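> pasting the structure only:
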C-alpha cells in the first residue's frame, strides 16, 4: 500500500480510503466487519463515513454505518490503527429527521459531532467534514452555478470558530469540506488566515473518468493552497467497472437506487464503452484504468473506494500499484474531449 499525509498535518494515511456507505443498507454488520478486517490487513488505515450513512439515506437506517464501525472498533480495540473521517450533514438535502435545524450553528455542529462520537465509540474524530455547503450551490449533478434565492448569511468565520473550540477540546483533530466549490474553499482559507483559525485540510468531491469537473477551478485552488482531494465515486457507482455494459445487475447500487441515474445516461454509457476499449487495448481492466487514473493525479490525497463484497474490494485495492503511461493518459484525454464530463 502507498501512503501519504493529510496536507499540513503529520497524519499518515493510505492512498486508498475505505468508503463505508454500503454498511447498513447493502452490507450487514458482519459483512462490514469483514470488509474492515480485510482492508486493514491490506494496509488501508483510512476510513470515511458520515452521520447520514448508509446510502441511500433514509430515517430508518441513518447512523447504522457509524454504529457498525463503532462496534468493530470496540470489538478489536484498534482505534489507534485507523484514521477516521466522518461528516455533518447540512440543509438543502431533505434530511430533517437528523436534526430539527440542519444549519451549521455551533449548537448543531456540537450535537452532530457528539452523536457521531457515540456511534463510532471513540473520543475523537481525525477528520471532521462539512458534507456539503450550507448555502445553495452547484452540487450533485450540476455542472455550473445557478443563481437562486438563498436566505443563507456568510458564516465561514463562525463555523471555523466552532471547530477551533472542538479541536482545543480534543474532539476533532482536523477539518475538511465536501461537495465544495472554489469560492467556498477560498473563503474558508481566507478566514483561517485572517483570524488564526483552523485550516481546512481536505476536500471530498466526486472525481472520475466520467466527472472531471474538479479540474475546472478546484484543481488549481487545491494544488496551490495544499488542500488534498479525497476523491469519491472514482468508479461512478460501479459503472466504470464495465459491468453494466454486459447485462443486468439487480443488486447493484445504481439499480437499487435509481436516483443516481447520472452515471447511467446514454452519454455516460457511451463514454464507459469507449474507456473500456482503451483499457483493454493496454491490457488493463476498466476498473484498473479508472482507479489508476484518479490515484495518480497530483491533487489527489486519497481515493475513496467502496464495495459490497471482498472480491470487489480486493480488486480495487490492488490497483494502487498501477501507473498509467503518457500514451494511456493521451487516449483517456481524447475521450474526455469527445464526451466531456457526462456525469457531473
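Nice, I can see it. For clarity, every value in this text was computed on a predicted model and none was experimentally measured.

> Stretch 318-335 spans what distance, first to last residue?
25 Å (CA to CA, to the nearest Å).

> in that stretch, what counts as buried?
319-320, 322, 324, 328, 331-332, 335 (16 or more other CB atoms under 10 Å). C-beta coordinates here come from the backbone N, C-alpha and C atoms, glycine included.

> Please flag which of those sit within strands.
With DSSP state E as the criterion, strands contain none of the buried residues of stretch 318-335.

> Dump those into JSON lines; add distance to residue 180 and pLDDT as well.
What follows is the buried residues of stretch 318-335, written out as JSON lines (distance: CB to CB, whole Å; pLDDT from 0 to 100):
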{"residue": "319", "distance to residue 180": "26", "pLDDT": "93"}
{"residue": "320", "distance to residue 180": "26", "pLDDT": "90"}
{"residue": "322", "distance to residue 180": "29", "pLDDT": "96"}
{"residue": "324", "distance to residue 180": "27", "pLDDT": "98"}
{"residue": "328", "distance to residue 180": "30", "pLDDT": "98"}
{"residue": "331", "distance to residue 180": "31", "pLDDT": "98"}
{"residue": "332", "distance to residue 180": "25", "pLDDT": "98"}
{"residue": "335", "distance to residue 180": "27", "pLDDT": "98"}
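
> Out of those residues, which comes closest to residue 163?
Relative to residue 163, the closest of the buried residues of stretch 318-335 is residue 320; by CB to CB it sits at 31.2 Å.

> rewinding a little: which of the buried residues of stretch 318-335 sits closest to residue 200?
Minimum separation from residue 200 among the buried residues of stretch 318-335 (CB to CB) is found for residue 320, which lies at 25.6 Å.

> For residue 280, which three-state class applies?
The assignment at residue 280 comes out as helix when based on DSSP: H, G, I helix; E, B strand; the rest coil.

> That one: how many residues sit nearby?
13 (other CB atoms under 10 Å).

> In the buried residues of stretch 318-335, find the pair that's most separated.
320 and 335 (23.5 Å).

> Between its first and last residues, what's the separation in stretch 223-230?
For stretch 223-230, the end-to-end distance is 13 Å (CA to CA).

> Contacts for that stretch, please.
With contact meaning CB atoms under 8 Å, 6 or more residues apart in numbering, stretch 223-230 is reached by 4, 6-8, 17, 48, 85, 176, 185-186, 189, 200-205, 207, 214, 218-219, 221-222, 297-304.

> Just the buried ones from the residues you listed?
6-7, 17, 48, 85, 176, 185-186, 189, 200-205, 207, 214, 218-219, 221-222, 297, 299-304.

> Which of those residues fall in strands?
Checking the buried ones among the contacts of stretch 223-230 against DSSP E, those in strands are 17, 48, 85, 176, 200-205, 300-304.

> which of these sit farthest apart?
200 and 303, at 19.2 Å, using CB to CB across these.

> No further questions, thank you.
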